[in-house]
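Q: Give me a model of this one.
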Amino acid sequence: MEKLPNTSHKSKSKSKSTTLTQSTRCYAGESLACFLKSIQREMELARALDTALPDKIWLKQQFSVGVNEVTRVLEWMPPISAARSSAQQNPINISSDTKTLPVKLQAILLASDCNPRWLTKHLPTLAASRKVPLIFVKDKKGGSLRLGELVKLKTAIAVGVKARGNGINQLVNEILGSNQIHGDEDHHTN
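A: Okay, the predicted model is just below:
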């Protein structure tokens with residue numbers, strides 16, 4: 001197990017009457033490579049268990065790709081106030097409307113090299129109001145290129161990890177909870 005440097009930051013955003021705090025992380029260099037490799041490995045394992053759908057459709061079920069898609073999913077998620085209890089945060093609503101249940105994002109991967117910055121300026125505040133953690137991706141090659149590789153596109157500025165209860169979600173929980181990423185079974189030392 002590789003220990004990553006603690007890159008947690010507290011960001012505060014003011015709404016009309018409440019202050020929301022949210023933990024954010026930034027991965028760069030070796031920690032970014034390990035982070036993306038771990039996610040890729042979990043994606044391959046989850047995909048091997050579910051081969052019924054074509055790759056593109058399967059990826060859309062696991063991730064929201066792009067700033068517009070991530071924004072849309074966040075806007076559909078209800079805001080979570082600090083005063084609500086955990087029982088109130090996840091109410092079970094049974095309605096006669098048979099439309100699909102709203103998708104929840106577990107975390108958002110955001111490229112730090114986005115230019116112009118106003119494209120993603122709204123995401124930290126929106127994510128904070130829904131208690132969705134942000135993970136910034138910074139790379140010499142370009143964070144948007146690295147995120148694009150992850151979802152089999154040329155570039156991606158934002159990728160939302162959908163809460164599906166699979167291996168990808170377990171890995172993200174581990175990363176967010178302990179700030180550690182599991183390496184390969186055989187560790188190489190140079």
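Q: Next, the buried residues of the longest helix along the chain.
A: Ranked by residue count and defined by DSSP state H, the top helix of the chain is helix 29-49. Neighbour-count burial for helix 29-49 flags 31-32, 34-36, 38-39, 42-43, 46-47 (criterion: 16 or more other CB atoms under 10 Å). In short, each C-beta sits where N, CA and C put it, glycine included.
Q: Stretch 62-80 too?
A: 62-67, 69-71, 73-74, 77, 80.
Q: Mind checking which of those land in strands?
A: 63-65 (DSSP state E).
Q: re earlier: relative to residue 25, which of the buried residues of stretch 62-80 is nearest.
A: Set against residue 25, the nearest of the buried residues of stretch 62-80 by CB to CB is residue 70 (16.7 Å).
Q: Settle this for me: residue 50 is touching residue 58, isn't it.
A: Yes: in terms of CB atoms under 8 Å, residue 50 counts as a neighbour of residue 58; the distance is 6.5 Å.
Q: Which of the helices and strands in the protein ranks last by mean pLDDT?
A: When each helix and strand of the chain is scored by mean pLDDT, DSSP states H and E, strand 9-14 comes last, with a mean of 41.
Q: thinking again about what came up before, name the residue in residue 50 and residue 58 with the higher neighbour count.
A: A direct count of neighbours by other CB atoms under 10 Å for residue 50 and residue 58 places residue 58 higher, at 16 against 11.
Q: Specify the local secondary structure of the more buried one.
A: Using DSSP: H, G, I helix; E, B strand; the rest coil, the structure places residue 58 in helix.
Q: swap in residue 110?
A: Using three-state DSSP, the secondary structure recorded for residue 110 is strand.
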